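Engineer: Sequence and computational prediction follow.
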Amino acid sequence: MAVAQTATLASTVRFALLTFLALLSGSSMAASWSNGYPNPDPTFISLNENITFYANETKVFFRTDSFRLKTSECLEYYYRLKGKRTRLYVYTCRLSHGGRCVFHKYHETDGDLRCHYLSPWMRSQDEYAFFFHFERRPRNFRDDIKKQRYLRRLRRQKSFPVVGEVELHGLKSRREICRIDYD
């Protein structure tokens, strides 16, 4: 009886992970996920890259390649978010059999740069990938005149301000995470 329950639980976790990855990658299953936003394929990034999110974007997905990691290795990143409507979602996903994802959600940092890290949870080497998802909720207007005035002002802008940034600093040892050298 316990073996059957374990097998059912493992298949449920596997299905949930595959569904999540399908939603992120924009496959045919993503069409049934009606959230009102376009769901493009994620952009692949390296582990030492900067990601910028502008005010005119509503949703952007980024993904790293898969890596074989142990618990002693972590991905360090710094992030900055501006505005009440901007969110950053970060996922660490174990891609091997029985994998799952760990989720972190961040909101406005008032322009301050903050440090965090993503770490694998299996003691032995296993395959992991990291996902970054920016989301900016569109403004709601009760008055049509205010909405038209806002849209007119947007059209006159030559550039859009940066509302989110992520700086990836690569894989590091757990002991060297989020240490800032003031040299």
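Structural biologist: Ah, there it is.
Engineer: Report the beta-bridge partners for Y106.
Structural biologist: Beta-bridge pairing for Y106 (DSSP bridges): L88.
Engineer: so where is the protein shaky, pLDDT-wise?
Structural biologist: For the chain, the stretches with pLDDT under 70 are 1-40, 158, 180-183.
Engineer: Tell me where it has strands.
Structural biologist: 43-45, 50-54, 59-64, 67-69, 73-81, 86-94, 101-106, 114-118, 126-136, 162-173 (DSSP state E).
Engineer: Take the ones you listed and write them to JSON lines, including mean neighbour count and distance to R179.
Structural biologist: C-beta coordinates here come from the backbone N, C-alpha and C atoms, glycine included. Shown next, in JSON lines, are these (neighbours: other C-beta atoms under 10 Å; distance: least, C-beta to C-beta, whole Å):
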{"stretch": "strand 43-45", "mean neighbour count": "13", "distance to R179": "23"}
{"stretch": "strand 50-54", "mean neighbour count": "16", "distance to R179": "19"}
{"stretch": "strand 59-64", "mean neighbour count": "19", "distance to R179": "22"}
{"stretch": "strand 67-69", "mean neighbour count": "17", "distance to R179": "20"}
{"stretch": "strand 73-81", "mean neighbour count": "21", "distance to R179": "9"}
{"stretch": "strand 86-94", "mean neighbour count": "20", "distance to R179": "20"}
{"stretch": "strand 101-106", "mean neighbour count": "14", "distance to R179": "20"}
{"stretch": "strand 114-118", "mean neighbour count": "16", "distance to R179": "9"}
{"stretch": "strand 126-136", "mean neighbour count": "20", "distance to R179": "20"}
{"stretch": "strand 162-173", "mean neighbour count": "17", "distance to R179": "9"}
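Engineer: Include distance to D143 when you put the ones you listed into CSV, please.
Structural biologist: Converted to CSV, the strands of the chain look like this (distance: least, C-beta to C-beta, whole Å):
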stretch, distance to D143
strand 43-45, 37
strand 50-54, 26
strand 59-64, 26
strand 67-69, 50
strand 73-81, 28
strand 86-94, 24
strand 101-106, 31
strand 114-118, 36
strand 126-136, 22
strand 162-173, 24
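Engineer: Out of the ones you listed, the one nearest Y150 is which?
Structural biologist: When the strands of the chain are compared by C-beta to C-beta, strand 126-136 sits nearest Y150, at 14.7 Å.
Engineer: elements contacting the closest one?
Structural biologist: Secondary-structure packing of strand 126-136 (3 or more C-beta pairs under 8 Å, 6 or more residues apart in numbering; DSSP states H and E): strand 50-54, strand 59-64, strand 67-69, strand 86-94, strand 162-173.
Engineer: try it again with 7 Å
Structural biologist: strand 59-64, strand 67-69, strand 86-94, strand 162-173 (3 or more C-beta pairs under 7 Å, 6 or more residues apart in numbering; DSSP states H and E).
Engineer: can you give me how far it is from the chain middle?
Structural biologist: Centre-to-centre, strand 126-136 and its host chain are 4 Å apart (C-alpha atoms, centre = their mean, to the nearest Å).
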